[in-house]
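A.B. asks: sequence and predicted structure are below.
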Amino acid sequence: MIEQEIQQFEHYFTLIRDYLVNYSMQVVGAIVILVVGLWLSNRLSKMVEQLMLRHDIDVTLTNFISNVVKVLLIIMFVIISLGKLGISVTPFVAAIGAASLGAGLALQGMLSNYGSGLAIIATRPFIVGDTIAVKGVSGQVKIIELGHTVLINEEQVEITIPNKHIIGEILHNSFRYSLVKGEIGIAYHACSDTAIEVVTDVLATYPNVATNPKAQVGIEKFADSAVIISYRYWVPTTQIIESKLAINQQVYKAIKHAQIEIPFPQRVVTLHQNSH
């Protein structure tokens, strides 16, 4: 038994030794080609990335093209290396084709996401930094990948959306800003023009409020106990909550400082006495 194992070991050792003796240069050449190919693919992909960024091309599209260039170059050098070793790549191509067909049938949902990701990269309905709303969720676009898109909302929560749920849906894009609404009630005998001017000044001096689109202030409605002054403004999506709380506080202080009455709900009750 031991003699058989020793003979088998000697047989494999002889095969490896003969292969290295006869094909050592081919092996060294294949390794050199592969190493140079990996280095060259990294360098060229980085050069493509820097060139596209220098021309202000979208980050997502830049990353996609540079990665495609890198993968194609690596595949090319792997094929050259295998050819240097005398290995035919035809059976591998056939096997990869059969495996791809089976994987495509099993991973239709994932491939659908990848196809939608390519559509997003090509058509660019939004870019990183835009604020979008789709399928009942909204947030600022943080990352666009082939399979999914990551949003971050005003609560700093990351939302991952498969790309197949974005393409073909109604998409709202407000770019880098989100709309915030607020209101405050003033007494009917108070001057509404003064109140509107006070709120407008608060919005104009707050640093996070966008100048385009311009903030809007006016009378929203006439309630039972107050005239409702409404104000609408745009702030960066990731700063909605902090901006809204700070502006509401400043509006309240400014209205009080201007001695404009903020009424509380009240009802007038009239009693009729029976003279009998």
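C.D. replies: Sure thing, it's come through. Numbers count the residues shown, from 1 in each chain.

A.B. asks: all contacts plus neighbour counts: C-alpha atoms, from now on.
C.D. replies: Fine.

A.B. asks: could you point out which element follows the longest helix along the chain?
C.D. replies: Longest helix in the chain, counting residues (DSSP state H): helix 2-54. Sequence-wise, the next helix or strand downstream of helix 2-54 (DSSP states H and E) is helix 59-84.

A.B. asks: report all helices and strands that the longest helix of the chain contacts.
C.D. replies: Judged by 3 or more Cα pairs under 8 Å, 6 or more residues apart in numbering; DSSP states H and E, the packing partners of helix 2-54 are helix 59-84.

A.B. asks: right, and the helix or strand after the helix or strand of the chain with the lowest mean pLDDT?
C.D. replies: One helix or strand of the chain scores below all others by mean pLDDT, DSSP states H and E: helix 90-106, with a mean of 62. Sequence-wise, the next helix or strand downstream of helix 90-106 (DSSP H and E) is helix 108-123.

A.B. asks: from the chain's centre, how far out does that next one sit?
C.D. replies: 14 Å (Cα atoms, centre = their mean, to the nearest Å).

A.B. asks: show me the contact partners of it.
C.D. replies: Contact with helix 108-123 is made by 60-61, 104, 126, 144-148, 162-164, 166-167, as judged by Cα atoms under 8 Å, 6 or more residues apart in numbering.

A.B. asks: closest to Tyr177 out of those?
C.D. replies: Lowest distance from Tyr177 to those (Cα to Cα) belongs to Phe126, with 13.1 Å.

A.B. asks: which of the helices or strands spans the closest one?
C.D. replies: Using DSSP H and E, no helix or strand contains Phe126.

A.B. asks: nearest residue to it other than its sequence neighbours?
C.D. replies: Spatial nearest neighbour of Phe126, excluding adjacent residues (Cα to Cα, 6 or more residues apart in numbering): Asn173 at 7.1 Å.

A.B. asks: could you check the angle helix 59-84 makes with the longest helix of the chain?
C.D. replies: Relative orientation of helix 2-54 with respect to helix 59-84: 140 degrees, computed using axes from the mean of the first three to the mean of the last three Cα atoms, to 10 degrees.

A.B. asks: let me see the mean pLDDT of helix 2-54.
C.D. replies: Helix 2-54 carries an average pLDDT of 78.

A.B. asks: state the pLDDT value of Phe126.
C.D. replies: 90.

A.B. asks: and it, how many neighbours does it have?
C.D. replies: Residues lying near Phe126 (other Cα atoms under 10 Å) number 18.

A.B. asks: ok, it - contacts?
C.D. replies: Taking Cα under 8 Å, 6+ apart as the contact definition, Phe126 lies against Ile120, Ile132, Asn173, Phe175.

A.B. asks: export the residues you listed to TSV and tack on distance to Asn208?
C.D. replies: Below are the contacts of Phe126 laid out as TSV (distance: Cα to Cα, whole Å):
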residue	distance to Asn208
Ile120	30
Ile132	19
Asn173	19
Phe175	15
